[in-house]
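Engineer: give me the fold of what follows.
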Amino acid sequence: MLRRSLISILLLTGIVLALPLATHYELADTLVYEGLGSNSVTDIVQLNDSTFLFSTGNGLSITYDRGENIYTYYPNGNSVAYGSVTGAAVLGEHIWVATAYDTSVLEGSYYKEYPKGNGVSYSPDGGQNWQRFPQSVDEMHDTLEVLYGDSISALPITSRINNLIYDLSAQITGDGDTVLWSANFAGGCRRSRDKGETWERVVLPPDRYDMLNEDTPKNFDLSPTSGTLGYESNLNHRAFSVHAIGDTVLVGTANGINISYDNGRTWEKYTAQNSGICGNFIVDVMQGVDGTFYGVALPTQESETRGLAVSGRNVNGMLYWNTYLNGKRLYDIEAGEADRAYAASDEGLWYSADGWNWQNMGNIHDENGQYLLTEDIYCALEDKQGLLWAGTSDGVATTSDLGLSWDILRRVNSDYQQAPALSAYPNPFSPSRMNQLDGDGYVRIHCHLPDPGTVNIEIFDFSMTRVKDLVDNVYIDQENIEFTWNARNGMNDQVANGVYFIRLLYEEQGEKQISWTKLIVLD
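Structural biologist: Residues are numbered from 1 along each chain as shown. The predicted structure follows:
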């Protein structure tokens with residue numbers, strides 16, 4: 001599930017790098033290319049025992065063998081629409097993917113970048129074939145909405161920018177119907193009964209009512225903002241997250257958590273003002289296997305805080321809320337079996353074995369000492385086989401032993417024509433914004449060697465003055481290895497913006513070879 005705060009990150013970090021496709025893969029190389037779309041992964045969804053989807057800043061990635069091989073769909077007419085993946089949902093072999101891309105809008109004398117919704121792509125067969133549906137928007141004449149046989153005024157949302165999809169969820173109702181739900185920011189909550197081809201608006205309670213049913217007065221507008229059009233402004237009509245299972249639907253908005261037990265016909269709303277929710281801006285919602293409701297909350301005013309809202313029931317069956325991880329900036333919540341839960345945050349991944357006590361799982365690194373160069377964990381998934389997946393701004397990590405050991409999957413430039421060779425990524429590199437860990441930003445320097453040998457790596461500025469001896473006479477017995485640089489010189493001062501040249505000196509049995517690459521530093 002993608003949260004609103006991640007969309008700008010995704011759109012900035014998508015990198016297109018088409019690589020040869022392995023011949024054994026069952027999808028045509030005109031449909032996919034090898035590797036993650038980008039290392040920014042904001043959602044991981046399990047389709048079946050071996051198939052997983054990855055929402056990245058440069059499209060949808062898929063694996064059919066639990067991560068052994070990962071491929072990304074080209075944004076051509078035969079697959080997923082162009083852009084960052086902002087929402088994904090699965091139901092059996094059915095896949096739905098929402099995408100968005102940056103667009104420039106003239107505001108006064110300046111152009112400003114906004115994410116623009118690019119519709120929903122749908123596959124009925126596990127990603128083999130796709131069809132696209134345009135972004136759901138209203139017509140100018142859609143100024144009324146039927147509600148319990150009556151009608152209320154409704155503000156038509158006609159812009160693909162304002163109607164951007166932040167989340168998707170698919171359900172099979174108690175009647176056996178397939179319903180696709182979306183959270184569309186200004187477009188509010190919407191649903192489709194024909195697999196995403198057409199959509200209808202879903203009316204949630206207005207800000208001033210905590211419930212919506214047949215007895216609720218119809219004296220309000222379906223409108224996320226008043227603007228200059230004469231409509232009232234309802235923060236609860238700005239939707240950011242949705243989760244549906246059976247006939248139960250949860251919708252997180254800018255004014256709380258909305259719960260329906262009858263497939264969206266009636267609603268109950270929980271806010272910081274009427275319950276124990278710590279903040280009203282709900283960027284993720286889900287229901288655990290035991291029926292517990294979760295909401296990732298941000299504050300909308302000074303009296304509210306960040307944290308995780310978790311539901312409980314008293315002896316009379318009444319719903320109440322507790323707050324955990326108070327003050328923490330969370331992105332995503334994952335509730336597994338046996339009370340296990342995981343919370344993804346800007347301080348790493350949090351784990352609870354009982355739903356009450358939480359501990360941080362620490363920095364993630366693999367058995368070779370390679371670290372994830374980030375504390376930003378965007379999403380977590382405990383799959384049906386007990387493997388924990390974490391999506392980050394620096395790739396995907398998996399663990400089968402609750403973080404004692406990790407494997408890291410990351411996109412690298414491995415399309416080398418010869419060896420030795422090296423590359424640097426991300427490139428351009430911003431030390432203050434990218435790959436942040438313990439106060440520094442890091443660029444990765446990937447080396448591809450023909451045979452075991454001794455390696456030296458030096459970094460020069462544009463005048464060819466050496467600024468850093470990064471690796472000094474180290475013996476390497478791996479074909480591929482990575483080193484990191486924090487953009488600091490030999491005096492531990494951050495280098496200036498500009499072009500830098502990286503030299504690899506490789507020596508094997510007395511024979512020396514040199515390779516170069518270029519890096520742009522823009523802080």
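
Engineer: so where's the stretch 1-150 of the chain shaky on pLDDT?
Structural biologist: Scanning the stretch 1-150 of the chain for pLDDT under 70 picks out the ranges 1-26, 105-111.

Engineer: what's residue 64 sitting at in phi/psi?
Structural biologist: Note on residue 64: its backbone torsions stand at phi -100, psi 0 [degrees, to the nearest 10].

Engineer: what's the local residue count around the residue nearest to it when sequence neighbours are not counted?
Structural biologist: Using CB to CB, 6 or more residues apart in numbering and skipping residues adjacent in sequence, the residue nearest residue 64 is residue 51, 5.2 Å away. Where C-beta positions appear, they are placed from N, C-alpha and C, glycine not excepted. If you count neighbours by other CB atoms under 10 Å, residue 51 ends up with 18.

Engineer: residue 379 versus residue 51, what's the distance?
Structural biologist: The gap separating residue 51 from residue 379 is 17 Å, by CB to CB, to the nearest Å.

Engineer: repeat that for residue 282.
Structural biologist: 16 Å.

Engineer: same question, residue 468
Structural biologist: Distance, residue 468 to residue 379, by CB to CB: 35 Å.

Engineer: also residue 145?
Structural biologist: Residue 145 sits 33 Å away from residue 379, going by CB to CB.

Engineer: for those two, indicate the residue with more neighbours.
Structural biologist: Using other CB under 10 Å as the criterion, residue 145 and residue 379 rank with residue 379 on top: 28 against 17.

Engineer: how about the contacts made by that one?
Structural biologist: By CB atoms under 8 Å, 6 or more residues apart in numbering, the contact set of residue 379 is 1, 41, 42, 43, 44, 331, 332, 334, 344, 390, 391.

Engineer: so the third one makes contact with residue 87?
Structural biologist: Pointing back at residue 42 there. No - look at residue 42 against residue 87 with CB atoms under 8 Å: they stay out of range, at 9.7 Å.

Engineer: for the stretch 301-450 of the chain, give me the ranges with low pLDDT.
Structural biologist: Counting by pLDDT under 70, the ranges of the stretch 301-450 of the chain that qualify are 338, 413-416.

Engineer: what about the helices in it?
Structural biologist: Read by DSSP state H, counting those that start in this stretch, the stretch 301-450 of the chain holds no helices at all.

Engineer: quick one: buried residues of stretch 47-58?
Structural biologist: For stretch 47-58, the neighbour count (16 or more other CB atoms under 10 Å) marks 47, 51, 52, 53, 54, 55, 56, 57, 58 as buried.

Engineer: got the contact list for the residue lying closest to residue 403 once chain neighbours are set aside?
Structural biologist: Closest residue to residue 403 in three dimensions, ignoring its sequence neighbours and counting by CB to CB, 6+ apart: residue 361, at 4.3 Å. Residues near residue 361 by CB under 8 Å, 6+ apart: 348, 349, 350, 351, 402, 403.

Engineer: who's in contact with the nearest residue to the fifth one once chain neighbours are set aside?
Structural biologist: Nearest-residue entry for residue 402: residue 351, 6.7 Å, with adjacent residues in sequence omitted and distances by CB to CB, 6+ apart. Residues in contact with residue 351, defined by CB under 8 Å, 6+ apart, are 340, 341, 342, 358, 359, 360, 361, 402, 403.

Engineer: what subset of these is buried?
Structural biologist: 340, 341, 342, 358, 360, 361, 403.

Engineer: all helices for the stretch 101-250 of the chain, in order.
Structural biologist: Under DSSP H, counting those that start in this stretch, the stretch 101-250 of the chain gives no helices.

Engineer: mind listing the strands for it?
Structural biologist: 110-123, 131-133, 144-147, 150-153, 167-172, 178-183, 189-192, 200-201, 211-212, 239-245, 248-253 (DSSP state E, counting those that start in this stretch).

Engineer: the stretch 301-450 of the chain too?
Structural biologist: Going by DSSP E, counting those that start in this stretch, the stretch 301-450 of the chain shows strands at 307-313, 319-324, 330-335, 341-345, 348-352, 359-360, 377-382, 388-392, 395-399, 407-409, 421-425, 436-437, 440-441, 443-448.

Engineer: next one: the fifth one to chain centre, how far?
Structural biologist: Averaging C-alpha coordinates over strand 348-352 and over its chain gives two centres that are 17 Å apart (CA atoms, centre = their mean, to the nearest Å).

Engineer: ok, now the third one?
Structural biologist: For strand 330-335, the gap between its own C-alpha mean and the chain's C-alpha mean amounts to 11 Å (CA atoms, centre = their mean).

Engineer: repeat that for the first one.
Structural biologist: With CA atoms, centre = their mean as the basis, strand 307-313 stands 23 Å off its chain's centre.

Engineer: export only the CA atoms of it, formatted as PDB.
Structural biologist: Taking Å, rounded to 0.1, in the frame of the first residue of the first chain, the C-alpha atoms of strand 307-313 are listed here in PDB:
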ATOM      1  CA  GLY A 307       1.600   6.500  16.000                       C
ATOM      2  CA  LEU A 308      -0.200   3.300  15.500                       C
ATOM      3  CA  ALA A 309      -3.900   3.000  16.400                       C
ATOM      4  CA  VAL A 310      -4.900  -0.600  17.300                       C
ATOM      5  CA  SER A 311      -8.500  -1.600  18.100                       C
ATOM      6  CA  GLY A 312      -9.800  -3.700  21.000                       C
ATOM      7  CA  ARG A 313     -13.100  -4.900  22.300                       C
END
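
Engineer: tabulate the strands of the stretch 301-450 of the chain (CSV), appending distance to residue 474.
Structural biologist: Below are these laid out as CSV (distance: least, CB to CB, whole Å):
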stretch, distance to residue 474
strand 307-313, 44
strand 319-324, 45
strand 330-335, 37
strand 341-345, 35
strand 348-352, 29
strand 359-360, 32
strand 377-382, 31
strand 388-392, 27
strand 395-399, 24
strand 407-409, 21
strand 421-425, 14
strand 436-437, 22
strand 440-441, 21
strand 443-448, 10
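
Engineer: out of those, which is closest to residue 240?
Structural biologist: The closest of the strands of the stretch 301-450 of the chain to residue 240 is strand 330-335. By CB to CB, the value is 11.7 Å.

Engineer: the closest one versus strand 348-352: what angle between them?
Structural biologist: 30 degrees (axes from the mean of the first three to the mean of the last three CA atoms, to 10 degrees).

Engineer: CA atoms only: put strand 330-335 into PDB for me.
Structural biologist: Only the C-alpha atoms of strand 330-335 are listed here, as PDB (Å, rounded to 0.1, in the frame of the first residue of the first chain):
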ATOM      1  CA  LEU A 330       5.100   5.100  10.400                       C
ATOM      2  CA  TYR A 331       4.400   4.200   6.800                       C
ATOM      3  CA  ASP A 332       2.800   0.700   6.800                       C
ATOM      4  CA  ILE A 333       1.500  -1.900   9.200                       C
ATOM      5  CA  GLU A 334       1.600  -5.700   8.600                       C
ATOM      6  CA  ALA A 335      -0.200  -8.000  11.000                       C
END
